[in-house]
Every structure is written in C-alpha cells, then in structure tokens.
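Novice: Got a predicted structure plus its sequence, pasted below:
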Amino acid sequence: MSDFIDFKKDGVWEHFLREKGGNSAKCKLCSTILKATGGSTKGLHEHLKRIHSVSVLKRQSADDDTGPSTSSAPTHRPGPMKKYLIDNLEENSLAATLSRLTACDGLSFNVIATSMDLRRGLVAMGFSQVPSAVATIKQHVMAYGQRVRSFVMTDLEKKKAEGQRFSLTFDEWTSTRNRRYMNINVHARDGEYWSLGLLRVHGSMPADKCVALVEQKLGEFGLNLSTDIVCICTDGASVMKKVGKLMAVEQQLCYAHGVQLAVLDVLYGRRTSTAAVAEVEPETESTTPKDDDDDAMAAEHGEGLEIVQDTNDSDVIAELSGEYKEVVDKVRAVVRIFRRLPTKNDAVLQVYVKREFGKELSLSLDCRTRWNSLFDMLSRYLHLRTAVQKAMIDLKQPVHLTDADFAVVQDIVSTLEPVKMAVTALCRRAMTLVTAETALNFCLVQLRKQSSELAKTLAIAIEERLNERRAVHAGVLAYLHSTSARSTATELFSVPSNATIKKFVHQLYTRLNTVNSAEESPVAVSGADDAAHGTDADTTSTLTLEQQLEIAITESSSSTTPSTPSTSHAADKLLSAVKAEMSVYEASGTRGRCLDAVYKYLLTVPPTSVEAERAFSAAGVLCTKLRSRLDDFTVDTLCFLRACYKSRK
C-alpha cells in the first residue's frame, strides 16, 4: 500500500512515494522515479543537476559553478577531513590502518589475514574489501611505507631550504635471528627527529664500513654527510670513536653512557669477560627481573652481576664490590622469599603493608643488566622496612639486616637518586647540550653535598668520565647561549678561549655554508631577572630533589641573548667578521649572522645516543621469536613506520 505526501513546493517533484522497502520520488520533468533512501534528497538534486541542469538548492556548494543560487555569498565546503591530518597521508585509508596494526600494534600479517574478529572490525570501519592473503597485506604496508618515506624526504628537503642543519645518532643491534642492523636517526632543533629505519650490516663492521653505510642511508633521504650534518652522537666504543675521526663532522660521545661507566667504576669492583661465564650465564631475551626458578639459578651462579657495554666494544660482567655485595645480597635474599612464595607475601607481608600504607606495595628485585634497578629495589625495601621486619619475625626467617646494613643501603639509595634523575632527564628528546650539562652539574652538586664517601667518590668518577666526553662544541654552545656562561662556568663545563671559539665558528660555518636568508631570525628572549628566579632557603628546602632539577633545567633552556641578522660577508673576510661579531656579542649580547647560524646548528646536537636504543627496543617488539623470518626490507619499513607514528604523538 502506498502513501502519497506533498514533497516540494518548487513544482519539480510530483509527489513523494513512501513504500515498504524504501523511499522514492517521481521527477515531473522526465517522469523518472528515483530512490530517496532514508528520506535523503541528495540523489534527487544530483539528478536535476546532472540530467536537467537545474538547481533548486537554497545555497550553492563551493565546487558548483553552474545553477541558480539564492545565497548572496557562496559558502565554501571545508573539504575532506584528511586534508587536516599530518602530511595529508590519508591516515584513514586501508593501507594506513594496516600499517598501524603491523608497525605500532605489533600484529603479524598472518594475524590480520586470519583473525575473523579483526577483519569484521575493519569491515565495520568501512573497508569493504579487506585482503585475505598475507602477501597482499604486506604489499599494502610496504607501499604505504614508501609513501611515508617520500613525505619525510620532502620535509627534510624543506628544512634544508630554510637553512636548517641536522645531527645524527646511530648504533648497531643484533636481532633474534642473529642479524646485525644499524639504526640512524636525524635530529633537528626543539627535539624534532626522524628515524631512517634499520640498515642491514653483513659481516663485521669496521669504522670505514660504518661510515660508508651511514653515507648510503643518508643519500637515500637526500642528505649529505659533509654539508648537512653538524654532529654525530655515539657511545664510547672504540669503533665509534674511530668513526668520529673518519667523518668530517663533530662528534659527541653519549653523556648517559659515561655516567653508567662511572657508576660501574665505583659500585662494581671486578669486571670479567662474558666469555668466561658463557656456560653458566644463560642468554636472555628480556631485561625484566627473574622470578622463581630463574632467581634460584641466579643465586647459584652469582649475585649482583651486570652486563654492560665497555669502551672496548665488548660485553663484560660487572660484579658488585665486596663492601656493597654482602649487604645487597641480604636484601635480594629477603626479596626472593616474598617473590618466590605468594602465600607468604599475601598472608604475611601485605597484611602489614596495608596496615601501614593503606594499599598493597610489592618488593621489587633488581635486574642484573640495569644498574638503576638496584636503586629501585633498595629504595622500595627502605620504604617497606618496618613491614618487612615484622613479616620476617612472623616467618622466623634467619636473614636479617642490621642497623649498619641499613645505613649502607641508605647511602647507596641517597647516592643513586640524583644520578638516576639526571640520567632520566638526559634521555628526554628535547634536551640540548646546555640543558644536559645543567642536569649533570645539578647531579654533581647534590652528590658533593652528601657526607658519605660513596657519594663523593661517585662525583669524582662522573667528572672524570664526562671530562673524556666533553668536546669543544659544547663549550662554544654554552658561550653562544648566554653571555654569562664564562662567569658561571665550572672546571668541568668550561668555556673555550676566544681564539678557539673563533676558529671553531669559522670552520663549522664554512663547512655547512651559509644560512638561507629565508630562515627567520629567532625571537629575542629576554632573560628573567635574578630576583624573579631567586628563592630563599626556606622555599628551596620545601622542594623535592626532582623539582629542583626541573627548575634548573627550565632556567638554563631560556636564552638570554637575542640575535639579529647582519650583512653578508665574503669568504675571505669570514674570520674578521666572526671576530667582529664576537666583540659585539660580548658587549651587547647580540649574536650576528655567523654566530647565530652556528648557535642554531649546535642546538641540534643531542647529548645522548638514547634514540638509537629506543629504535632497537621497538625492533625487539617487532622481531620476536614468532616473527623471526621477516626479511630486511620488511624490518626496515616496519621500524621506520613505527618511529614515524611515535614521533607524531
């Protein structure tokens, strides 16, 4: 049965016909019956416009150049939402969705091809034809990866045209398939970075081969090592030091790695090669603490062992020195009692913990390959000291810590706390050499304030390690960052002489050419008054150590020296121009063209090579035992896509 209703007063539609199973309308001009599903009139208007060149709309769309319009000013359509997405990469497409599932979520191609629930979800998102073949899914992801690479190349080329230069971090990694890869990351100012993926290393990798691989990877993205790269940041391995000598760029050795070696020098006395303990030290895929049988195995083969990377590019075993090993072993023994036996933990320890803190808090066991986990274990043990002692008495356990043992534990915790906070701050992406040295100086000051011999000894060891790694460019950046750098400089973080600075600026500016005139000069940032940042002793004492570190980093990150462009200088007069700009800078605090360009170049230098380690952690998520057969190009593309998505968050 049909139901006729008046539809349009324009006289174009004779009636609106509502029938079972759908809606329809009849055109008076051609007697064509058209469907209007859900009451939508879009198809009806499209019919009039396309067939009869008639428009009865009260407003005209932005892309319509024909037909009448009753609106005085045409309303522009906003267009598809994808134009507002990053890089306009159509991130709602099927290829982009498959790429996120495989690169970010770690799903294999086979899971996407076989999971019914996952495929139904993709269909519900509007993808009518979801590929069911593994090869087709992989083809979609690889093609999308190539498209993302083209956008990264365009972005790098754009920044090069603006006069920006970059720095590099890179390192090598071995997968579960026993294949060696090199990761390369490009760093710009303000913490911006691009991961270039993983490059397969066949056979050994001496220094000259490493340089060739880096140049090859940079060439794929349109970068030149000599004219586009300011500095490389690597660890302190011998091969990496030689790489820095072979490259015509500056080299920054990782500060975080130097702090780690300093901690090992103080807390760990004897180090032996891993080859000597290869039979008793099982290979592990994870750095998480071992439980139950694994803990018993660790206790049998030796306590307090840490696998670290030494400066000779070989793995070594570091053992806790005798005066700390005995106390730490006691703590580990107590922790294992409650980690191995859940009944004792739930029925005894957690009863006292809930009574004291109102919630459950578990003891943590340190990981033998991470020295900072020692701080986590000991600090949690001190926090639950009363509850643990009561539980040990109830269980009649023979292992007990004396007051002298607790004093040693407290010394270790107090010493490692500022060190761990400084290293955590160093690993931020937005850190520069200026803010990194501020964090390290804060750590050294806090260590010197403590009365324990351990803290003072560790402060000396850190100074020695950092002194080996601090290069001229760090002092030049401190000089260009603030006119007061020379007066506030310490013996460790000193500022070079004017002659050294002039020579360095001339060489770096010449190598990287001149800054493009299109690049905008930085906005002058006035330094805050000393009184505005000053706090009295009472206020400082109420701040935690972490809050004081954040204040110091924030104050050091603000430049107190504005910059202004100057006239261009001929190449033969560059040295005299730099000398003149330095005189003006020291007198008025204004950086000239050359000084400002070098200042911007050096802001790209990262203080640590931790970005390469992050890439290897991501590669470990993708290259698991279940996905160990991925080919080199697939691994490279997945790691590249994962890094691109992570950098946009």
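Specialist: Sure thing, it's come through.
Novice: Okay, domains of the chain per the record?
Specialist: Using automatic domain parsing, the domains assigned to the chain come out as 1-77, 99-254+609-647, 272-418, 470-520+532-606.
Novice: Among those domains, which comes closest to C443?
Specialist: Nearest of those to C443, taken as C-beta to C-beta: domain 272-418 at 4.7 Å. Using the backbone N, CA and C atoms, a C-beta is placed for each residue, glycine as well.
Novice: Beyond the host helix or strand of Q350, next helix or strand please.
Specialist: Assigned by DSSP states H and E, Q350 belongs to helix 350-357. Downstream of helix 350-357, the next assigned helix or strand under DSSP H and E is helix 372-383.
Novice: Could you name the helices and strands sitting against the helix or strand just after that next one?
Specialist: Note on helix 372-383: by DSSP H and E, the next helix or strand toward the C-terminus is helix 385-395. Packing partners of helix 385-395 (3 or more C-beta pairs under 8 Å, 6 or more residues apart in numbering; DSSP states H and E): helix 322-340, helix 350-357.
Novice: How far away from the center of its chain is helix 385-395?
Specialist: Offset of helix 385-395 from its chain centre (C-alpha atoms, centre = their mean, to the nearest Å): 41 Å.
Novice: tell me the angle the helix or strand that comes right after that helix makes with helix 322-340.
Specialist: Of the helices and strands lying after helix 385-395 in sequence (DSSP H and E), the nearest is helix 403-426. Counting by axes from the mean of the first three to the mean of the last three C-alpha atoms, to 10 degrees, helix 403-426 lies at 80 degrees to helix 322-340.
Novice: Return the distance of A262 relative to E437.
Specialist: To E437, A262 is 15 Å away according to C-beta to C-beta, to the nearest Å.
Novice: between the two, who's got more neighbours?
Specialist: Neighbour totals were compared for A262 and E437, and E437 leads with 25 against 21 (other C-beta atoms under 10 Å).
Novice: hang on, the earlier thing: so of the helices and strands packed on helix 385-395, which one's packed in deepest?
Specialist: Most buried of the helices and strands packed on helix 385-395 by mean neighbour count (mean count of other C-beta atoms under 10 Å) is helix 322-340; its value is a mean of 18.
Novice: Please tell me how far that helix is from the chain's geometric centre.
Specialist: Here helix 322-340 shows a centroid-to-chain-centroid distance of 34 Å under the convention C-alpha atoms, centre = their mean.
Novice: Can you give me the buried ones in stretch 480-495?
Specialist: 480-483, 485-486, 489, 493, 495 (16 or more other C-beta atoms under 10 Å).
Novice: Who does the helix or strand L168 falls within pair with, and is each partner parallel or antiparallel?
Specialist: Using DSSP H and E, L168 sits in strand 166-174. Under the criterion DSSP bridges, strand 166-174 sits next to strand 180-187 (antiparallel), strand 229-234 (parallel) in its sheet.
Novice: picking up where we left off before, of the buried residues of stretch 480-495, which belong to helices?
Specialist: If you go by DSSP state H, those have 480-481, 485-486 in helices.
Novice: gap between the spatially closest residue to L48 that is not a sequence neighbour and V239?
Specialist: Using C-beta to C-beta, 6 or more residues apart in numbering and skipping residues adjacent in sequence, the residue nearest L48 is V54, 4.5 Å away. The gap separating V54 from V239 is 76 Å, by C-beta to C-beta.
Novice: So what's the gap between the helix of greatest length in the chain and the chain middle?
Specialist: In terms of residue count, the longest helix belonging to the chain (DSSP H) is helix 134-161. Distance of helix 134-161 from its chain centroid, counting by C-alpha atoms, centre = their mean, is 20 Å.
Novice: and that helix with strand 166-174, angle?
Specialist: Helix 134-161 runs at 150 degrees relative to strand 166-174, counting by the same axes, to 10 degrees.
Novice: low-scoring stretches of this structure, by residue?
Specialist: Applying pLDDT under 70 to the chain flags the ranges 1-23, 36-39, 56-90, 269-321, 368-369, 513-542, 557-572, 626, 649.
Novice: which stretches of it form strands?
Specialist: With DSSP state E as the criterion, the chain has strands at 3-5, 13-19, 22-27, 33-35, 166-174, 180-187, 193-201, 229-234, 250-253, 268-273, 305-309, 315-320.
Novice: L223 against W194, yeah?
Specialist: No. The criterion here is C-beta atoms under 8 Å, and L223 misses it with W194 at 10.1 Å.
Novice: mind listing the helices for the stretch 501-649 of the chain?
Specialist: Secondary structure of the stretch 501-649 of the chain (DSSP state H, counting those that start in this stretch): helices located at 530-533, 537-542, 545-557, 574-588, 593-602, 610-622, 632-647.
Novice: now the fourth one against helix 593-602, angle please.
Specialist: On the basis of the same axes, to 10 degrees, helix 574-588 is oriented at 90 degrees to helix 593-602.
Novice: helices or strands next to helix 574-588 in the packing?
Specialist: The helices and strands touching helix 574-588, judged by 3+ C-beta pairs under 8 Å, 6+ apart, are helix 498-511, helix 593-602.
Novice: Please identify the most buried of those helices.
Specialist: Across those, averaging neighbours per residue (mean count of other C-beta under 10 Å) puts helix 593-602 on top, at a mean of 24.
Novice: That one to helix 498-511, inter-axis angle?
Specialist: Put simply, helix 593-602 runs at 80 degrees to helix 498-511, going by the same axes, to 10 degrees.
Novice: what's the distance between helix 593-602 and the middle of its chain?
Specialist: Averaging C-alpha positions (C-alpha atoms, centre = their mean) puts helix 593-602 25 Å from its chain's average.
Novice: now stretch 483-495
Specialist: Distance, stretch centre to chain centre, for stretch 483-495: 29 Å (C-alpha atoms, centre = their mean).
Novice: go on, stretch 110-124?
Specialist: Using C-alpha atoms, centre = their mean, the offset of stretch 110-124 from its chain centre is 31 Å.
Novice: just checking, D228 touches E157?
Specialist: No. Between D228 and E157 there is no contact under C-beta under 8 Å: 10.4 Å.
Novice: Between those two, which has more neighbouring residues?
Specialist: Neighbour count, other C-beta under 10 Å: between D228 and E157, D228 has more, with 21 against 13.
Novice: Please report the distance of the more buried one from N372.
Specialist: According to C-beta to C-beta, D228 and N372 sit 36 Å apart.
Novice: How about K573?
Specialist: Distance of K573 to N372, given as C-beta to C-beta: 52 Å.
Novice: Compare the two and say which is more crowded by neighbours.
Specialist: N372 (15 against 10).
Novice: Which residue, other than its chain neighbours, is closest to that one?
Specialist: Once flanking residues are discounted, N372 sits nearest to K420: 5.1 Å by C-beta to C-beta, 6+ apart.
Novice: In this structure the one you found contacts F375, no?
Specialist: Yes. Contact criterion C-beta under 8 Å: K420 and F375 qualify, at 5.4 Å.
Novice: could you dump the buried residues of stretch 480-495 to TSV with distance to Q146?
Specialist: Shown next, in TSV, are those (distance: C-beta to C-beta, whole Å):
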residue	distance to Q146
L480	40
H481	40
S482	45
T483	48
A485	46
R486	50
A489	49
F493	45
V495	47
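Novice: Spatially, which two of these are the most separated?
Specialist: Farthest-apart pair in the buried residues of stretch 480-495 is T483 and F493; separation 16.0 Å (C-beta to C-beta).
Novice: How many neighbouring residues does K456 have?
Specialist: Residues near K456, counting by other C-beta under 10 Å, number 15.
Novice: Report the contact partners of it.
Specialist: Contacts for K456 (C-beta atoms under 8 Å, 6 or more residues apart in numbering) come out as 447-448, 450.
Novice: any idea how far it lies from K600?
Specialist: In terms of C-beta to C-beta, K456 sits 39 Å off from K600.
Novice: ditto for V578
Specialist: Taken as C-beta to C-beta, the span from V578 to K600 is 15 Å.
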